[in-house]
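Enquirer: here are the coordinates; sequence isn't available:
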């Protein structure tokens, strides 16, 4: 299952249709700021044959709206007591549910509301879609993925190959920000990002892309900081009215497409994602984001971080203690929950 060699990331630039088998996708939290544009993007994905949209309120309206889009995916909306129906038959479950970040908060800020939401959705998924691929967007991902895993374990249905934390936005931002610095096209600017999905746990491996050659000193530090804290730009620009919803929806839809392509048997689908990983287990870190090859059963291979520059070694050293704490918080939350 695990490969210790590094592999260059394959970043999606648009939905791929090379693998034609179609899948039913459930979006839990479809009425929210991420859920609505995410649902629309999934409706346009040729590999999605059915969409089940769920939220405590608003999802039937979202479903009715995007059902008018002239693509084949059959779309239905569910709310309140209809969660079981929304999950029935789902092969991929995408979870953007939760409260958005506000000024002064970070994507690793402990949020009991989101933790409780993810815990409850995990219980429902364990009961009604135990074989589905589960894609966690709800923040803080470093904690919510372990929360989901612990609940699945309690129900005896945890499969580490089928649970993913979506870190694609870090990859998308890295591509965008580096291309701005170097004057390249984002589609030609692939950057592998490892670690976690908040602040200093985000480690962009700029040394592994030729596009970053020459970015050193203060420009390098500024670029890394912008990648790590890019979400703050959006929170501040929206002046308390929201967080990075549209870009996150885009990234989530790209990752869902990658997962489906892997499920359909396409070879060479490789992208960073936060999964149960052996890479730093010897340091007590159970989950880690690195390049992962996706396949019919989910995770096929987990690749090591590869060769790092001195600066990246320092970034990784700063990442690991924070990440370990974030993961522990998620596991502890479930232990203390009814």
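Expert: Looks like it came in fine. All values derive from a computational prediction rather than experimental measurement.

Enquirer: Where does the residue nearest to residue 82 when sequence neighbours are not counted sit, in terms of helix or strand?
Expert: Leaving aside its chain neighbours, residue 82 sits nearest to residue 54 (7.0 Å; criterion: CB to CB, 6 or more residues apart in numbering). For the C-beta atoms, the positions are set from N, CA and C on the backbone; glycine is no exception. Element membership for residue 54 (DSSP states H and E) is strand 48-55.

Enquirer: Residue 116: what secondary structure?
Expert: When classified by DSSP: H, G, I helix; E, B strand; the rest coil, residue 116 comes out as helix.

Enquirer: ok, now residue 75?
Expert: Three-state call for residue 75 (three-state DSSP): strand.

Enquirer: doesn't residue 43 make contact with it?
Expert: Yes. The criterion here is CB atoms under 8 Å, and residue 75 meets it with residue 43 at 6.3 Å.

Enquirer: what sits up against the strand holding residue 54?
Expert: Contacting residues not belonging to strand 48-55 are listed as 22-32, 35, 39, 42-43, 59-60, 62-63, 66, 72-79, 82-83, 85-90, 97, 256, 260 [CB atoms under 8 Å, 6 or more residues apart in numbering].

Enquirer: got any ranges where this structure has weak pLDDT?
Expert: Across the chain, residues meeting the criterion (pLDDT under 70) sit at 1-20, 100-111.

Enquirer: got the residue ranges for the strands in it?
Expert: Ranges of strands within the chain are 23-28, 48-55, 74-79, 92-95, 133-136, 163-165, 193-195, 202-204, 270-276, 287-295, 298-302, based on DSSP state E.

Enquirer: Looking at those, spot the one closest to residue 177.
Expert: Closest to residue 177 of the strands of the chain, according to CB to CB: strand 202-204, at 9.0 Å.

Enquirer: List the buried residues of that closest one.
Expert: Within strand 202-204, the residues that count as buried by 16 or more other CB atoms under 10 Å are 202, 203, 204.

Enquirer: Show me what that strand packs onto, helices and strands only.
Expert: helix 168-182, strand 193-195, helix 217-228, helix 310-335 (3 or more CB pairs under 8 Å, 6 or more residues apart in numbering; DSSP states H and E).

Enquirer: How is the chain divided into domains?
Expert: Domain segmentation of the chain under automatic domain parsing yields 23-167, 168-326.

Enquirer: Out of the ones you listed, the one nearest residue 333 is which?
Expert: So among those, domain 23-167 is nearest, using CB to CB, at 5.0 Å.

Enquirer: Can you get me a residue count around residue 205?
Expert: Residues near residue 205, counting by other CB atoms under 10 Å, number 26.

Enquirer: From here on, call the first residue 267.
Expert: With 267 as the first residue, the last one maps to residue 471.

Enquirer: Check the gap between it and residue 573 for me.
Expert: Applying CB to CB, to the nearest Å, the value for residue 471 to residue 573 is 9 Å.

Enquirer: And the closest residue to residue 418 other than its chain neighbours, how close does it get to residue 341?
Expert: Once flanking residues are discounted, residue 418 sits nearest to residue 424: 3.8 Å by CB to CB, 6+ apart. Separation of residue 424 from residue 341 (CB to CB): 30 Å.

Enquirer: Comparing these two, which residue is more hemmed in?
Expert: Neighbour tally, residue 424 and residue 341, criterion other CB under 10 Å: the higher count belongs to residue 341, 23 against 18.

Enquirer: got a list of what that one touches?
Expert: Contact analysis of residue 341 by CB under 8 Å, 6+ apart lists 305, 309, 316, 317, 319, 329, 332, 333.

Enquirer: Looking at those, which is nearest residue 503?
Expert: For the contacts of residue 341, the nearest to residue 503 is residue 305 (23.8 Å; CB to CB).

Enquirer: That closest one reaches residue 293, doesn't it?
Expert: Yes. Proximity of residue 305 to residue 293 meets the contact threshold set by CB under 8 Å, at 5.2 Å.

Enquirer: Tell me which of these two has more neighbours.
Expert: In this view residue 305 and residue 293 are compared by other CB under 10 Å, and residue 293 has more residues nearby, 35 against 31.

Enquirer: Hmm, that one is touching residue 304, no?
Expert: Yes. Residue 293 lies in contact with residue 304 (CB under 8 Å); the separation is 6.2 Å.

Enquirer: Quick one: end-to-end length of stretch 485-504, please.
Expert: From its first residue to its last, stretch 485-504 covers 26 Å (CA to CA, to the nearest Å).
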